[in-house]
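J.: Predicted model and sequence below, questions to follow.
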Amino acid sequence: MRLYSLSVLYKGDPKVHLLKAAYDVSTFNFFQRSSVQEFMTFTSQLIAERSALGSRASVKEQEYLCHVYVRSDGLAGVVIADNEYPQRVCFTLLDKVLEEFSREVSKMDWPSGSPATISYSALDGYLSKYQVQRAPWK
């Protein structure tokens, strides 16, 4: 059971853009890592774009499960995990991350933000904390 990606996006008009993301591509071949990361970024944006405001969904993409939560204010989170990772835990993580992100990052910065301009450093910590070597939800 493994998490590969945790992303925070903004679903604005006309499209979705990435605000901040963390990736764990350490299990992939060194030469594949950048293309796997690009795939995860693209997939996260696509799934958030196709999800309605105020919705949660889990979508299977190749051998991954992508869990998306789009809040009614347009803030969205996507977790990409393997098929065995518990869905309930993914949505708990998304709730926690989006709530914290909305407290720490001004809503005024969401429409124009990018990974380079948004100051929020907790995603890497959450990604490593929620890896299943030690299950934090138990």
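T.: The structure has been received and is ready for your questions.
J.: Let me know the secondary structure of the residue of the chain most remote from its centre.
T.: For the chain, the residue at maximal distance from the C-alpha centroid (C-alpha atoms, centre = their mean) is Phe31, at 23.1 Å. Look at Phe31: counting by DSSP: H, G, I helix; E, B strand; the rest coil, its state is helix.
J.: Looking at it now. What's its pLDDT?
T.: Looking at Phe31, its pLDDT stands at 93.
J.: Strands of the chain, residue ranges please.
T.: 3-11, 16-23, 55-61, 64-70, 75-82 (DSSP state E).
J.: could those strands go into a markdown table alongside distance to Ala116?
T.: C-beta: built from backbone N, CA, C; applies to glycine. Formatted as a markdown table, these follow (distance: least, C-beta to C-beta, whole Å):
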| stretch | distance to Ala116 |
| --- | --- |
| strand 3-11 | 14 |
| strand 16-23 | 10 |
| strand 55-61 | 26 |
| strand 64-70 | 23 |
| strand 75-82 | 19 |
